[in-house]
Structures are given as structure tokens and as C-alpha cells.
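**Q** Generate coordinates for the sequence data below:
(chains A, B, C and D)
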2 protein chains.
Amino acid sequence: MIRILLAEDQAMMRGALAVLLGLEDDLEVVAQVGTGTEIVPTALEVRPDVALLDIELPGISGLEAARELTELVPECRVMILTTLSRPGYVREAMAAGAVGFLVKDGPVEELADAIRRVLRGETVLDPDLAAATLRAVANPLTARERDVLAASEDGSSIADIAGRLFLSPSTVRNYLSAAIGKTGTRNKTEAALTARRNGWLA
Amino acid sequence: MIRILLAEDQAMMRGALAVLLGLEDDLEVVAQVGTGTEIVPTALEVRPDVALLDIELPGISGLEAARELTELVPECRVMILTTLSRPGYVREAMAAGAVGFLVKDGPVEELADAIRRVLRGETVLDPDLAAATLRAVANPLTARERDVLAASEDGSSIADIAGRLFLSPSTVRNYLSAAIGKTGTRNKTEAALTARRNGWLA
DNA sequence: ATCCACCACTGACAATTGTCACGGTCGGCT
DNA sequence: AGCCGACCGTGACAATTGTCAGTGGTGGAT
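**A** Have a look, this model is predicted:
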């Protein structure tokens, strides 16, 4: 019996997946959580064979949880199941020790099978996705550039960002200018948007 | 037997829901579509009792499809099943003739039951959601203000927007200024963000 | 007939933003 | 020690953006 931990914030999706996986003879969902914060404590308690994690979760992200899991519960295989496949995500997931990466666009049928395959030691990764990841450029932004971009995502003015990050407005403008250059965009809004889309933030 | 049409863009969610609903004795998913464009033609063909529609779909939105459905397939009850409950969405869904509005945050168990209830003639709407909708201000934006806001969502410059909408840059700036005032924000990025969050766009 | 809201535009002004050139600190690397 | 990159800052300038006061045109309501 393969014991599964399921982390997904949308209750309906989580419930539906749990029922679905429960229908398989050899699979058993032993724990369901709706936030990133619960993942590691729950895994330590129930010791699942596989953790199926969404990335966007309240609390800590599925990627962070994956990093902690591979360290604290090494016998547990980590699979990422997410809506969007930003190039940076796949890279980070693999770096975090995940052995599977599925997108919610795929057919349900492949899910149970993917779980069985990672348990046999295989790595599950869509070939197209892998190719796209390799093709995509690695994150060109420095830590500070990421900070100011993330802070500008809500449309804040430069003065706001400066205040929030305890920097001088001029400094913020310089980082933004650099980020705009590196992203090949024309203003901070576009820069933040494409950085987010490429998975270069958070 | 209650015949259901399911419209949802995420294949895995769609598949999981179909399996789940299929487990119920009195429910039957007779059609599944992944785009908004397919909804009406498919409904005309299979004549379902209930259409379960997501809002964000490729092609036309679930809300538009709802409007057409209530006109072209009047015997079909329309239910909206969506991720986020922007205040404007509920209002629009009801105006479009929907008799149910569910969020994907809720438990799966309530889904099948909600379908049975709308078929008995009831309206399914979370009381909290209804209250929030009534509390929320109605869309204060004019059609043109919505246009320029929508066009500015990707971080385009005013000149870009003007070109795309065949307006003079000064005109665009005036609409944006008005929208900024009405949304109580401080620049076009914030204005577009809050308008989107309130369901005032598209 | 008059009012009103929305539409489209202009021009002027101030504020914000983006670019550039510059100086300096710090830690890691060779 | 010297070099490099990331970091933090300043000041100046041009471009973009936001505000305001106007000019008209249209169509629906009273």
C-alpha cells in the first residue's frame, strides 16, 4: 500500500484528488493539508511514502516544503503538482529534491501511474517541460533586484518600495532600472510581470 | 438521472470532478469541455439538465456562456463553479441567469448536493458570499474606463494603450485618471489591480 | 427642450519614473 | 594584492504619467 500525503489549497481539488486516488487498490491518502506550514509536521507524524505538493500554498510554498522534506523525511518521495509550469519552477523543484513534476493540465489518469513510477525510483517529468526548462534562461536577477521587483508587484510607487525596504529611492530606481534591462522590458510593471511569469521571484 | 455538462479548463480538475460526480447514482456527466467556446454548441447537442461552468476559460468566459445558455437552452440550469469569488462575479452570474454559485474552496461533498438542489428549483449561494456581494459597491467604472484599465494590465505605456484602442494619448490619460480616482488608488497599475480584484473588468 | 452622463480630444503643469554617470564599501577569488 | 561582482548611495536629465481646466458631440431621460 502506497501511503500518500496531499498538499493542495483548493479544498474541492484536494477532496476530489483524494477520492480519486483512494479508488486505486494500491494507493491510500493518509493525510491531507491545505497550507504549506502543515506539510512538514504532518509528514513527520504520518511518514508517507509520497508527498504530492502544490507550489502556491498559504504559509510556506511547496518548494520550500520540498527542501525541508527531503532533509527531515528522506524516505518520502516528493512530487510537485502545480497549475502553471513556470520554467524556474521545474528547476527549483528538482534542486529541492523533487523526483516528479506534474501540471494540472494533464489527464487525471496519469496521476496514479506517476506516483507508482516515482516509487519504483523513476523520475517523472514531462519531456516537453524538461526541454522548455533547459531552453529557458536561468534567473539573471540578483537578490536585491528580486526584492524590489517583488515589492513593486502591487503597483507601489518607488517611494513606497524604498520605505518598505529601508533603501533610498534612488537606489530602488537603480535596481529597477537594472531589472528592466535584464528582463528586456520597458517599465517596472512589465518587469515584475515577466519576472513573475518566469518564476524568478519568490 | 441528472445529466451534467462540465466546463473547466484544468484537465486534472475536470477529470477528477467527472469521476467524482459519476460515482453518484443519480448523476451522469454527459459532456466535458475545456474551453468556453465549446459550451453552447455542446449544450445544444446533448441537452444537459445542469451546466457546471468555470468562469476563467479560454475563448469566451463562463459568464458569457451562461447568458447564451439561458437563452438558447432554457431548460438547462446554469451553475458557476469558480476559484475566486470576486464580488462582481456573483452579481454578474445571477444577472446572467445562473441559479447556483459555488467556490472551489468548499468541500467536494457539497457539490453533488448542490446540483440536486438547483434541480429541485432552489438557488444555491453561500450566505456569506451573498452578503459580501450586497455589501460590495457596484461597478463604478464606465465602459471606456474598463477598456483602458484592461489594456493597461500588462504594464503597457499610455502610448501603447492609445494605439491599441485608437484613442489619443491624452484621452487615455483622462480615463485612467478617472479610474484612479474612482478606485481610490494612486496610479494605473494599482487601479487595474483593484478593478480586476473586484471583478469590474471583463 | 433641457439636462445629464458618457464619449473624445487638447493643452498645460507637476509629479513620478527611467537612464546614466559617478563614488564608495564589502566579500570572494586568483 | 588586485580584480570582480553585488551592494548602497547621489545627482542630473529626459521621458512618462497624473491632474486639471476646458471644448465639443452624442443619446437617453424628464
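
**Q** Give me the contact list for the helix or strand where A:Ala162 lies.
**A** Here A:Ala162 sits within helix A:158-165, counting by DSSP states H and E. For helix A:158-165, contacts defined as Cβ atoms under 8 Å, 6 or more residues apart in numbering or on different chains pick out A:147-148, A:151-152, A:156, A:167-169, A:171-173, A:176, A:188. (Each C-beta comes from the backbone N, C-alpha and C, glycine too.)

**Q** Close to chain B: what parts of chain A are there?
**A** Residues of chain A lying close to chain B by Cβ under 8 Å from any Cβ of the partner chain are A:10-13, A:15-17, A:19-20, A:23, A:81, A:83, A:104-109, A:111, A:154-157, A:185-193.

**Q** are any of those buried, and which?
**A** A:10-13, A:15-17, A:19-20, A:81, A:83, A:104-106, A:108, A:111, A:155-157, A:185, A:188-193 (16 or more other Cβ atoms under 10 Å in any protein chain shown).

**Q** Show me the residues you listed that map onto helices.
**A** Mapping these onto helices (DSSP state H) picks out A:11-13, A:15-17, A:19-20, A:111, A:188-193.

**Q** okay, now the nearest residue to A:Met1 once chain neighbours are set aside: neighbour count?
**A** Nearest residue to A:Met1 in three dimensions, chain neighbours excluded: A:Glu28, at 5.2 Å (Cβ to Cβ, 6 or more residues apart in numbering or on different chains). Each residue near A:Glu28 was counted by other Cβ atoms under 10 Å in any protein chain shown, and the total is 14.

**Q** before we move on, what about A:Ala112?
**A** Counted with other Cβ under 10 Å, residues neighbouring A:Ala112 total 17.

**Q** about what we covered before: the residue nearest to A:Met1 falls within a strand, correct?
**A** Yes. Counting by DSSP: H, G, I helix; E, B strand; the rest coil, A:Glu28 is found in a strand.

**Q** I'd guessed A:Met1 sits against A:Asp26; true?
**A** Yes. The pair A:Met1 / A:Asp26 is scored as a contact, 6.3 Å apart, by Cβ atoms under 8 Å.

**Q** Test for you: state the pLDDT assigned to A:Thr37.
**A** A:Thr37 carries a pLDDT value of 97.

**Q** Helix, strand or coil: sort out the residue nearest the centre of chain A for me.
**A** Per Cα atoms, centre = their mean, the C-alpha nearest to the average position across chain A is that of A:Ile55, at 3.3 Å. Following three-state DSSP, A:Ile55 is assigned to coil.

**Q** Now do A:Asp113, the pLDDT please.
**A** So A:Asp113 comes in at 94 (pLDDT).

**Q** report the longest helix in chain A, please.
**A** Chain A, longest helix under DSSP H: helix A:169-183.

**Q** What lies in contact with it?
**A** The contact list for helix A:169-183 (Cβ under 8 Å, 6+ apart) reads A:140-142, A:144-145, A:147-149, A:152, A:158-159, A:161-162, A:165, A:186-188, A:190-191, A:194-195.

**Q** for the residue nearest to A:Met1, what are its contacts?
**A** A:Met1, A:Ile2, A:Arg3, A:Ile4, A:Leu21, A:Gly22.

**Q** what's the answer for A:Ala132, then?
**A** A:Ser85, A:Pro87, A:Val90.

**Q** Quickly name whichever of those residues is closest to DNA strand C.
**A** A:Pro87 (23.7 Å; Cβ to the nearest atom of the strand).

**Q** who's in contact with that closest one?
**A** Per Cβ under 8 Å, 6+ apart, neighbours of A:Pro87: A:Ala132, A:Thr133, A:Arg135, A:Ala136, A:Asn198, A:Gly199.

**Q** A:Leu63 is in contact with the last one, correct?
**A** No. In this structure, A:Gly199 sits apart from A:Leu63 without contact. The criterion is Cβ under 8 Å, and the distance is 9.6 Å.

**Q** Spit out the residues that contact those two alike.
**A** Counting by Cβ under 8 Å, 6+ apart, the shared contacts of A:Gly199 and A:Leu63 are A:Tyr89, A:Glu92.

**Q** in the helix or strand of chain A with the lowest mean pLDDT, what's buried?
**A** Sorting the helices and strands of chain A by mean pLDDT, DSSP states H and E puts helix A:127-135 at the bottom, at a mean of 80. Using 16+ other Cβ under 10 Å as the burial criterion, the residues of helix A:127-135 that qualify are A:Leu129, A:Thr133.

**Q** CA-only coordinates of it in PDB, if you can.
**A** Taking C-alpha atoms only, helix A:127-135 is exported to PDB below (Å, rounded to 0.1, in the frame of the first residue of the first chain):
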ATOM      1  CA  PRO A 127       9.700  15.800 -21.800                       C
ATOM      2  CA  ASP A 128       8.400  19.000 -23.300                       C
ATOM      3  CA  LEU A 129       8.500  20.600 -19.900                       C
ATOM      4  CA  ALA A 130      12.100  19.400 -19.400                       C
ATOM      5  CA  ALA A 131      13.100  20.800 -22.800                       C
ATOM      6  CA  ALA A 132      11.400  24.100 -22.100                       C
ATOM      7  CA  THR A 133      13.300  24.300 -18.800                       C
ATOM      8  CA  LEU A 134      16.600  23.700 -20.400                       C
ATOM      9  CA  ARG A 135      15.900  26.200 -23.100                       C
END
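
**Q** can you tell me if the helix or strand that comes right after it touches DNA strand D.
**A** Proceeding N to C from helix A:127-135, the next assigned helix or strand is helix A:143-151, under DSSP H and E. Yes. Contact of helix A:143-151 with DNA strand D (Cβ under 7 Å from any atom of the strand) involves A:Ala143, A:Arg144, A:Glu145.

**Q** So how do I select the buried members of the contacts of A:Glu28 in ChimeraX?
**A** Selection of buried members from those for ChimeraX, criterion 16+ other Cβ under 10 Å:
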select /A:2,4,21
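
**Q** Between the contacts of A:Glu28, which sits nearest A:Ala96?
**A** Of all the contacts of A:Glu28, A:Ala96 sits closest to A:Ile4, with 18.7 Å by Cβ to Cβ.
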